[in-house]
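> quick one: sequence plus predicted model below, questions after.
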Amino acid sequence: MVLFDRKLIRNSADEARRIRAFADAAIEGLVVIDGERVVDANRSFLLLAGYEEVAAMPAILGDIFSGFDPLSIPAGGEIQRDRMPADRRERDRT
């Protein structure tokens, strides 16, 4: 039984590494949230948000992008540039 448990733990750690590598390979910034709480993010998102690691980011999504309301995005829709917070639009132009 102990040997089986160790194998499950090793397999789940391997799976977590594969998922992290896949997310970090994406060009798009990906962030995983639970409600408004930031759970995880890939490297591209960290660069876009100006942080070096997830632990350095604020825990609440609204603290990263002030004025951003995730509920304002239609399901499956894109954010229109004129609806983005002004500080984000300015940063995207550079």
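Good, I have the coordinates.
> biggest helix in this protein, by residue count?
helix 2-25 (DSSP state H).
> tell me what that helix is packed against?
Of the remaining helices and strands, none touches helix 2-25 by 3 or more Cβ pairs under 8 Å, 6 or more residues apart in numbering; DSSP states H and E. Where C-beta positions appear, they are placed from N, C-alpha and C, glycine not excepted.
> adjust the sequence numbering to begin at 54 for everything that follows.
Fine by me, first position is 54 from now on; the one you just mentioned is helix 55-78.
> what comes up buried for the following helix or strand past it?
Using DSSP states H and E, the helix or strand that follows helix 55-78 towards the C-terminus is strand 84-87. By neighbour count with 16 or more other Cβ atoms under 10 Å, strand 84-87 contains the buried residues Val84.
> CA-only coordinates of strand 84-87 in PDB, if you can.
Listed next in PDB are the C-alpha coordinates belonging to strand 84-87 (Å, rounded to 0.1, in the frame of the first residue of the first chain):
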ATOM      1  CA  VAL A  84      -4.000  33.300 -14.900                       C
ATOM      2  CA  VAL A  85      -6.100  30.900 -12.900                       C
ATOM      3  CA  ILE A  86      -8.500  32.500 -10.500                       C
ATOM      4  CA  ASP A  87     -11.000  31.300  -8.000                       C
END
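> quick one: strands adjacent to that strand?
Strand pairing for strand 84-87, determined by DSSP bridges: strand 90-94 (antiparallel).
> specify the angle between the strand it pairs with and helix 55-78 in degrees.
Note on geometry: by axes from the mean of the first three to the mean of the last three Cα atoms, to 10 degrees, strand 90-94 and helix 55-78 are set 90 degrees apart in direction.
> now strand 90-94: buried residues?
For strand 90-94, burial by neighbour count (16+ other Cβ under 10 Å) applies to 91, 94.
> quick one: list the elements packing against the helix or strand immediately after it in the chain.
With elements assigned by DSSP H and E, the helix or strand that comes after strand 90-94 is helix 96-102. Applying 3+ Cβ pairs under 8 Å, 6+ apart, we find helix 96-102 packed against no helix or strand.
> average model confidence for helix 96-102?
Helix 96-102 carries an average pLDDT of 89.
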